[in-house]
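Engineer: Provide a 3D model corresponding to the input given below.
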Amino acid sequence: MNYRIDVASGNKLSVLGMGCMRFPRDKGETERMLLAAIEGGVNFFDTAYIYPGSEKTLGEILAKNKKREKVFIATKLPLIMCKTNPDFDRLFNEQLKRLQTDYIDYYFLHNVTDFGQWARMKELGIVEWLENKKEAGAIRNIGFSYHGTCDEFEKILADYAWGFTMVQYNYYDPNYQAGGRGVEAAAEKGISVIIMEPLLGGRLATGLSKDAEAIFKKAEPNKSPADWALHWLWNQPAVTVVLSGMNSTDILQKNLNAEKTFIPLSENEQSIYNDVRAKFREKDKINCTGCNYCLPCPKGINIPAVLSAYNAGYVQNYFTGMTLYITSTALIRKEHLSPRLCNHCGKCEKNCPQNIDIRKALKKAASRMEPLPVRGIMKLARWFLS
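Structural biologist: Numbering: from 1, shown residues only. Predicted coordinates:
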């Protein structure tokens, strides 16, 4: 296993991390998988308060096998559940109990979507709370996971001495949300970058079109689509850890093998991703390249992410598109940024190098991704969480 240095702490983190959202249903298989991961050199385990049963299962297995000190635990504070300052302690203490530990190695603020959300947490006293926990040794490193525009991401990066961050990043859409620009911006500040969704929920491993998969096979017959996706990320020095939500020992072994066989990509190999990406683009309904020239939107709409989610609903499947859409628009929050908020000012279209009729495209996206039943469910979710 290769390791990269977390600059803020000096910790050596395995380049392959275990995403703990999709554990097997069988607890015995989960235990075998986790122990095999540790044996294979994986030392970064990422969970969250809202992943059903994940923290408790991880804590029990690590305690039972006396592996707590062998790994770094990363978990997340669910900001959507934080309405008052006492909520921080209430949630954090429950997490310590679930994980059977008295400290968290890497503690994320979960699902930050914009600077305004971070500012509201500061008003509740999150900075002082985090610093007190760090001074007491209960939290070793502080970071945030992110779903929003790159401009907002960079503002948040500059506003606090973060140790690390987590972003969604893969070769399918390298400009999505914080994108490659955000990854490089974090690395330049000495902030470790943890990657989520490297395989787009497994779709870059098993969901490629035959044409796209044939391009990879022709270049390297013995290299799987998942290998290509992981190698693209490990080829970037700015990336510290790539998380994979593995749910079987078989998948773990394949990912360990992908890490073992990784060597820096040649220029020709790097160009192959462009060919595969072009195949994806053939099915796009809207020819958005994610360049972000349309931003900032006066209404705060994350235009490239909305259009990317809309396209993914066709290129991948509707569920994938909806998942990306909900995270990109913060649709379950009261201060959501739905494209339905567009006031048709046209500012975005003046800067679009693709000459996209963005106002019309946003209307299409809202119509497909927010039909009345979805709007009703989201409204109910916002009421429930308010």
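Engineer: distance between the ends of stretch 165-184?
Structural biologist: When the termini of stretch 165-184 are compared using C-alpha to C-alpha, to the nearest Å, they are 12 Å apart.
Engineer: so this protein: which segments form each domain?
Structural biologist: Here the chain is described, according to automatic domain parsing, as comprising the domains 3-273, 303-385.
Engineer: could I get the ones you listed as JSON lines with mean neighbour count and distance to Pro296?
Structural biologist: For the C-beta atoms, the positions are set from N, CA and C on the backbone; glycine is no exception. JSON lines is the format used below for the domains of the chain (neighbours: other C-beta atoms under 10 Å; distance: least, C-beta to C-beta, whole Å):
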{"stretch": "domain 3-273", "mean neighbour count": "19", "distance to Pro296": "6"}
{"stretch": "domain 303-385", "mean neighbour count": "18", "distance to Pro296": "9"}
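Engineer: which among these is found nearest to Cys288?
Structural biologist: Comparing those by their distance to Cys288 (C-beta to C-beta), the top pick is domain 303-385, with 4.2 Å.
Engineer: okay, now the unreliable bits of this structure?
Structural biologist: Under the criterion of pLDDT under 70, the regions of the chain flagged as low confidence span 385-386.
Engineer: taking the chain centroid, which residue in it is the extreme one?
Structural biologist: Cys345 (31.3 Å; C-alpha atoms, centre = their mean).
Engineer: that older thread, would you turn the domains of the chain into CSV with distance to Leu295?
Structural biologist: Converted to CSV, the domains of the chain look like this (distance: least, C-beta to C-beta, whole Å):
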stretch, distance to Leu295
domain 3-273, 6
domain 303-385, 6
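Engineer: returning to what we had before: with adjacent residues omitted, what lies nearest to the residue farthest from the centre of the chain?
Structural biologist: Leaving out its chain neighbours, the residue that sits closest to Cys345 by C-beta to C-beta, 6 or more residues apart in numbering is Pro298, at 6.1 Å.
Engineer: quick check: that neighbour vs Lys347, distance?
Structural biologist: Pro298 sits 6 Å away from Lys347 when distances are taken as C-beta to C-beta, to the nearest Å.
Engineer: what does Arg68 give?
Structural biologist: For Arg68, the distance to Lys347 equals 52 Å [C-beta to C-beta].
Engineer: same check, this time on Glu282
Structural biologist: Glu282 is 30 Å from Lys347, where distance means C-beta to C-beta.
Engineer: and the helices in the stretch 151-300 of the chain?
Structural biologist: Secondary structure of the stretch 151-300 of the chain by DSSP state H, counting those that start in this stretch: the helices cover 179-188, 203-206, 210-219, 225-234, 249-260, 267-281.
Engineer: so which of the ones you listed is nearest Trp129?
Structural biologist: Nearest to Trp129, of those and by C-beta to C-beta, is helix 179-188 at 23.0 Å.
Engineer: contact partners of the closest one?
Structural biologist: Residues from elsewhere that reach helix 179-188, judged by C-beta atoms under 8 Å, 6 or more residues apart in numbering: 146, 150, 153-154, 157, 165, 167, 169, 174-175, 178, 192-193, 236-239, 290, 292.
Engineer: mind redoing it with 7 Å?
Structural biologist: The list of residues contacting helix 179-188 from outside it, by C-beta atoms under 7 Å, 6 or more residues apart in numbering, reads Cys150, Phe153, Glu154, Leu157, Thr165, Val167, Tyr169, Pro174, Val193, Ala238, Val239, Gly290.
Engineer: do the same with stretch 57-69
Structural biologist: If you take C-beta under 7 Å, 6+ apart as the criterion, stretch 57-69 is touched by 20, 23, 27, 30-31, 34-35, 38, 45, 47, 71, 98-101.
Engineer: that older thread, pretty sure the residue farthest from the centre of the chain sits against Cys297.
Structural biologist: No - the pair Cys345 and Cys297 does not pass the contact test of C-beta atoms under 7 Å, sitting 8.8 Å apart.
Engineer: stretch 242-252: end-to-end distance?
Structural biologist: Separation of the first and last residues of stretch 242-252 by C-alpha to C-alpha is 13 Å.
Engineer: just how off-centre is it within its chain?
Structural biologist: Offset of stretch 242-252 from its chain centre (C-alpha atoms, centre = their mean, to the nearest Å): 16 Å.
Engineer: what does the residue farthest from the centre of the chain show for phi and psi?
Structural biologist: The main-chain torsion angles of Cys345 are listed as degrees, to the nearest 10 and equal phi -70, psi -30.
Engineer: surely Ser9 meets Gly143?
Structural biologist: No - counting by C-beta under 7 Å, Ser9 stays clear of Gly143, with 10.9 Å between them.
Engineer: shared neighbours, these two?
Structural biologist: Counting by C-beta under 7 Å, 6+ apart, the contacts common to Ser9 and Gly143 are Gly163.
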